[in-house]
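Trainee: heads up, no residue letters with this:
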């Protein structure tokens with residue numbers, strides 16, 4: 001009997017990881033991606049201990065991750081020409097491993113995505129590029145997917161891992177209105193500035209009406225992103241033109257303290273995009289099709305948990321799938337519905353809380369007016385001594401399991 005076929009829509013960050021787990025547990029996954037190949041755009045992000053804990057279940061993957069760990073986390077403020085350190089915490093690999101078992105690792109999305117794609121292909125997963133899923137027709141025991149190029153394929157079930165602009169989500173629940181938050185992000189990567197050489201830190205830099213996050217992605221490279229309140233910008237991650245990048249490099253952000261201005265002045269592949277809110281879904285599946293990661297719960301970047309929560313989704317989905325279908329057989333719609341329901345019930349409330357928390361962080365970080373900024377800075381300084389907040393943070397990084405049940 002042929003292995004149970006699963007179509008994964010999207011070869012970004014979640015899709016290849018999910019495919020590896022499905023393949024090693026006896027399924028026959030295939031990935032379809034609308035783009036013609038791995039993307040070159042996109043900013044960096046941080047892999048947190050909870051995300052790395054899931055990735056550690058793939059043998060030898062962690063050792064290959066192309067990134068770098070910071071030694072410290074510094075929150076600093078630049079107001080009225082005065083530079084002030086609000087918080088300075090040890091997050092070195094040794095400390096994080098002692099506390100959580102895994103470090104924090106900064107990565108650039110293109111390099112990390114290529115590693116995941118290579119890993120999936122080495123596990124025998126086929127990836128078909130330039131295949132945009134546009135139509136899903138469900139029957140009693142299968143789903144037929146039609147692609148924009150006219151190709152068709154059929155599988156037992158479909159998992160939409162196609163991110164923020166998910167065609168799978170639109171097919172299930174219709175097109176939704178995305179509301180501009182009033183915030184815009186500008187970011188890129190830069191050579192490690194002199195102020196940070198020999199002391200690689202994850203920096204949160206606060207100013208009036210702006211916030212920067214910056215962290216090492218290599219010994220000699222930093223990824224950075226600045227959030228400001230600005231006129232509406234498109235929600236894409238395309239690199240700005242040469243003239244637009246020069247304008248940003250020479251603009252007011254280039255004079256920022258604590259090394260922030262140096263990062264802006266030397267920025268490469270600078271992107272600019274708007275931050276948008278989307279309606280919260282009450283369900284993540286219909287019939288034999290389910291959503292995962294940003295396709296299910298798109299989030300703003302302010303908690304650094306987007307990719308990490310997608311990996312938690314994968315862990316719990318695979319754990320529940322194994323519980324209900326230990327032999328990886330063809331699933332009845334009734335049994336598949338039970339799998340999807342258990343997964344959704346476990347993850348929907350949790351990810352909803354984190355999406356709202358990320359949105360709150362953005363509102364807190366980017367404020368205008370000197371008095372409001374000083375109040376923000378003091379709240380950040382005091383907040384790191386709050387026992388309840390510290391426990392919640394530690395609990396987040398300690399997930400999603402102690403001993404894997406997958």
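Mentor: Arrived safely, thanks for sending. Keep in mind it's a predicted model, so treat the numbers as computed, not measured. Residues are numbered from 1 along each chain as shown.

Trainee: Surely residue 186 and residue 274 touch.
Mentor: No. With contact defined as CB atoms under 8 Å, residue 186 does not reach residue 274; the gap is 10.9 Å. Where C-beta positions appear, they are placed from N, C-alpha and C, glycine not excepted.

Trainee: Comparing those two, which residue is more hemmed in?
Mentor: residue 186 (26 against 18; other CB atoms under 10 Å).

Trainee: Let's verify that one: helix, strand, or coil?
Mentor: Following DSSP: H, G, I helix; E, B strand; the rest coil, we place residue 186 in the strand state.

Trainee: State the distance from residue 341 to residue 140.
Mentor: Residue 341 is 18 Å from residue 140, where distance means CB to CB, to the nearest Å.

Trainee: the more surrounded of the two?
Mentor: residue 341 (15 against 8).

Trainee: contacting residues for the spatially closest residue to that one that is not a sequence neighbour?
Mentor: Of all residues beyond its chain neighbours, the one nearest residue 341 is residue 285 (7.9 Å), with distances taken as CB to CB, 6 or more residues apart in numbering. Residue 285 makes contacts with 172, 291, 337, 340, 341, 344, as judged by CB atoms under 8 Å, 6 or more residues apart in numbering.

Trainee: and with 7 Å instead?
Mentor: 291, 340, 344 (CB atoms under 7 Å, 6 or more residues apart in numbering).

Trainee: for the first one, which residues make a bridge with it?
Mentor: According to DSSP bridges, residue 160 are recorded as the beta-bridge partners of residue 291.

Trainee: what's the neighbour count on it?
Mentor: Residues near residue 291, counting by other CB under 10 Å, number 27.

Trainee: check contacts around the residue nearest to residue 397 when sequence neighbours are not counted.
Mentor: The shortest distance from residue 397 to any non-neighbouring residue, by CB to CB, 6+ apart, is to residue 49 (4.5 Å). Neighbouring residues of residue 49 by CB under 7 Å, 6+ apart: 96, 100, 101, 102, 397.

Trainee: quick one, helices of the stretch 201-350 of the chain?
Mentor: Counting by DSSP state H, counting those that start in this stretch, the stretch 201-350 of the chain has helices at residues 242-250, 260-265, 306-324, 333-365.

Trainee: Save these as a markdown table, and put in distance to residue 232 and mean pLDDT too.
Mentor: Below are the helices of the stretch 201-350 of the chain laid out as a markdown table (distance: least, CB to CB, whole Å; pLDDT from 0 to 100):
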| stretch | distance to residue 232 | mean pLDDT |
| --- | --- | --- |
| helix 242-250 | 16 | 90 |
| helix 260-265 | 22 | 93 |
| helix 306-324 | 22 | 97 |
| helix 333-365 | 16 | 94 |
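
Trainee: Ok, which of the ones you listed comes nearest residue 26?
Mentor: Counting by CB to CB, residue 26 lies closest to helix 306-324 out of these; the figure is 9.8 Å.

Trainee: Can you list the buried residues in the closest one?
Mentor: Buried positions in helix 306-324, judged by neighbour count with 16 or more other CB atoms under 10 Å: 306-322.

Trainee: elements contacting that helix?
Mentor: When contacts are defined as 3 or more CB pairs under 7 Å, 6 or more residues apart in numbering; DSSP states H and E, helix 306-324 packs onto helix 14-24, strand 44-47, helix 49-55, helix 333-365.

Trainee: Export these as TSV, with columns for distance to residue 144.
Mentor: Output for the helices and strands packed on helix 306-324, formatted as TSV (distance: least, CB to CB, whole Å):
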stretch	distance to residue 144
helix 14-24	19
strand 44-47	35
helix 49-55	31
helix 333-365	15
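
Trainee: Residue 298 is nearest to which of these?
Mentor: Among the helices and strands packed on helix 306-324, the nearest to residue 298 by CB to CB is helix 333-365 (7.6 Å).

Trainee: ok, back up a step: what separation is there between the residue nearest to residue 397 and residue 196?
Mentor: 23 Å.

Trainee: now swap in residue 96 and tell me
Mentor: 19 Å.

Trainee: Likewise for residue 403?
Mentor: For residue 403 relative to residue 196 (CB to CB), the value is 38 Å.

Trainee: More neighbours: these two, which one.
Mentor: Legend: neighbour count by other CB under 10 Å for residue 403 and residue 196, higher for residue 196 (20 against 4).

Trainee: Make sure the more buried one is actually in contact with residue 259.
Mentor: Yes. Assessed by CB atoms under 7 Å, residue 196 is found in contact with residue 259 at 5.1 Å.

Trainee: Around residue 79, how many other residues sit close by?
Mentor: 16.

Trainee: hey, what's it bridged with?
Mentor: Applying DSSP bridges, one finds that residue 79 bridges with residue 82.

Trainee: ok, now how distant is it from residue 361?
Mentor: 19 Å.

Trainee: circling back to that earlier point, would you reformat the contacts of residue 285 as JSON lines and include distance to residue 255?
Mentor: Shown next, in JSON lines, are the contacts of residue 285 (distance: CB to CB, whole Å):
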{"residue": "291", "distance to residue 255": "43"}
{"residue": "340", "distance to residue 255": "52"}
{"residue": "344", "distance to residue 255": "48"}
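
Trainee: of all these, which comes closest to residue 107?
Mentor: residue 291 (24.1 Å).

Trainee: Low-confidence ranges, the chain, go.
Mentor: By pLDDT under 70, the low-scoring segments of the chain are 1, 237.

Trainee: try 50
Mentor: Of all residues in the chain, none has pLDDT under 50.

Trainee: So residue 158 lies in a strand, does it not?
Mentor: Yes. Counting by three-state DSSP, residue 158 is part of a strand.

Trainee: quick one: contacts for it?
Mentor: 7, 9, 136, 143, 145, 288, 289.

Trainee: hang on, the second one packs against residue 161?
Mentor: Yes. Proximity of residue 9 to residue 161 meets the contact threshold set by CB under 7 Å, at 6.3 Å.

Trainee: From residue 181, how far out is residue 376?
Mentor: Going from residue 376 to residue 181 by CB to CB gives 17 Å.
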